[in-house]
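Enquirer: I would like to see how this sequence folds:
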Amino acid sequence: MRNLFAVAVLSSIYSFMMASVVLVLDAPDVALTEAAVGAGVGTVLIVGALYLTKTDESPPIHGMFLPLVVAAGTAAALLFGVSDTPPFGDPSNPVTALGPDYIARSIPETGIPNVVSSVLASYRGFDTLGETVVIFTAGIAVLMLLKRSPARRRGDGDKGG
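Expert: Take a look at the predicted model:
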């Protein structure tokens, strides 16, 4: 696709679909973050950048071979990375064994009566802080992109002088 606005819309749709998939996998906090950051803030950033630039992609300066090699290499690395993961839904998966341990230790170790809050605020505190910083930075970036200079508001633009 050469129209970048259509790419932004498709990217937003894809992000909403991934948020739905994560919600079906019983991770509503991750789904909400994906919907807010991926579909919401990401789309606003892309559309804001398109407002300040062109909406059509420039013609490519190289052939299709280089992007194909990069995509194939990335796919090979991803397939190699997931080849050692346990099967989906396997009860002996090490991740599922941690749930009862978190439930048993969360109140004595953190003093927080809600297990989900104790995991997000205490055990994953730096991760939650990082997500908050990302959302805050994205919001500031959107404000900076959408802020227009006084010359552009008057319609003068950059005419030189």
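Enquirer: pLDDT wise, what is the spatially most central residue of the chain at?
Expert: When C-alpha atoms, centre = their mean is applied to the chain, the residue found nearest the centroid is G38 (4.3 Å). pLDDT for G38: 81.
Enquirer: skipping adjacent residues, who's closest to it in space?
Expert: Closest residue to G38 apart from its sequence neighbours, by C-beta to C-beta, 6 or more residues apart in numbering: S15 at 3.4 Å. Where C-beta positions appear, they are placed from N, C-alpha and C, glycine not excepted.
Enquirer: next, that neighbour: phi, psi?
Expert: S15 adopts backbone torsions of phi -70, psi -40, taken as degrees, to the nearest 10.
Enquirer: let me know how buried it is, in neighbour terms.
Expert: By other C-beta atoms under 10 Å, the residues close to S15 number 19.
Enquirer: likewise for P87?
Expert: P87 has 7 nearby residues by other C-beta under 10 Å.
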